[in-house]
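Asker: the following block contains a protein sequence and its predicted model.
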Amino acid sequence: MRLTRFTDVALRVLMRLAVVEHEDPPTTREVAATMQVPYSHAAKVVARLQHLGLVEARRGRGGGLILTGAGRSASVGGLVRELEGPGDVVDCEGGTPCPLRSACRLRGALRQAEEAFYASLDPLTIAELVATPTGPLLIGISSGPPPAGRVAGGGPTP
């Protein structure tokens with residue numbers, strides 16, 4: 001199974017926010033730059049995470065992205081299920097339907113494998129994903145000069 005880029009970025013955004021909780025909240029643009037993803041893609045991800053109640057976005061001076069309690073304790077398996085949406089691992093009904101689809105055992109086996117994949121992620125939370133050694137590494141990646149237009153304190157440059 002392979003996750004979509006959207007789900008990958010969403011998980012990384014949540015992890016990033018989990019390690020900066022006691023700092024000035026980063027903006028979507030700052031998170032996108034730190035993770036080296038296009039701003040437009042990060043903005044779509046953040047909007048979906050807000051809709052799910054996992055991230056709060058505050059506007060204005062001192063604003064930024066904040067991980068909610070629900071975001072911190074979110075099940076990784078449940079989140080991946082939600083972001084990936086329904087669908088089969090293989091498309092048996094596509095443009096050219098598979099001639100075996102009515103008596104195929106592979107489709108069921110793949111569904112079972114997919115569910116086992118999700119089930120292995122179910123007990124993990126976002127908070128657990130950023131435990132040592134990952135959290136300190138994420139903090140190290142993010143430390144550096146502030147992006148243009150922001151000073152170290154998080155506000156706009158004078």
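Answerer: Everything's here; your move.
Asker: what is the burial count for D88?
Answerer: Neighbourhood size, D88 [other C-beta atoms under 10 Å]: 11. All C-beta atoms are positioned from the backbone trio N, CA, C, and that covers glycine.
Asker: that one: what's it in contact with?
Answerer: Residues in contact with D88 (C-beta atoms under 8 Å, 6 or more residues apart in numbering) are 107, 110-111.
Asker: any figure for the gap between it and G95?
Answerer: Distance, D88 to G95, by C-beta to C-beta, to the nearest Å: 15 Å.
Asker: got it, and M15?
Answerer: With the distance defined as C-beta to C-beta, M15 ends up 37 Å from G95.
Asker: generate a PyMOL selection restricted to the buried subset of the contacts of D88.
Answerer: Buried members of the contacts of D88, defined by 16 or more other C-beta atoms under 10 Å, are picked up in PyMOL with:
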select buried, resi 110
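Asker: tell me the one of the contacts of D88 nearest L52?
Answerer: Distance to L52 across these (C-beta to C-beta) is lowest for R111, with 24.5 Å.
Asker: just to check, that closest one is in contact with V89?
Answerer: Yes - assessed by C-beta atoms under 8 Å, R111 is found in contact with V89 at 7.2 Å.
Asker: and A42, what element?
Answerer: Assigned by DSSP states H and E, A42 falls within helix 39-51.
Asker: likewise L100?
Answerer: Applying DSSP H and E, one finds L100 in no helix or strand.
Asker: what about it, neighbour count?
Answerer: Neighbour tally, L100, other C-beta under 10 Å: 11.
Asker: thank you kindly, that will do.
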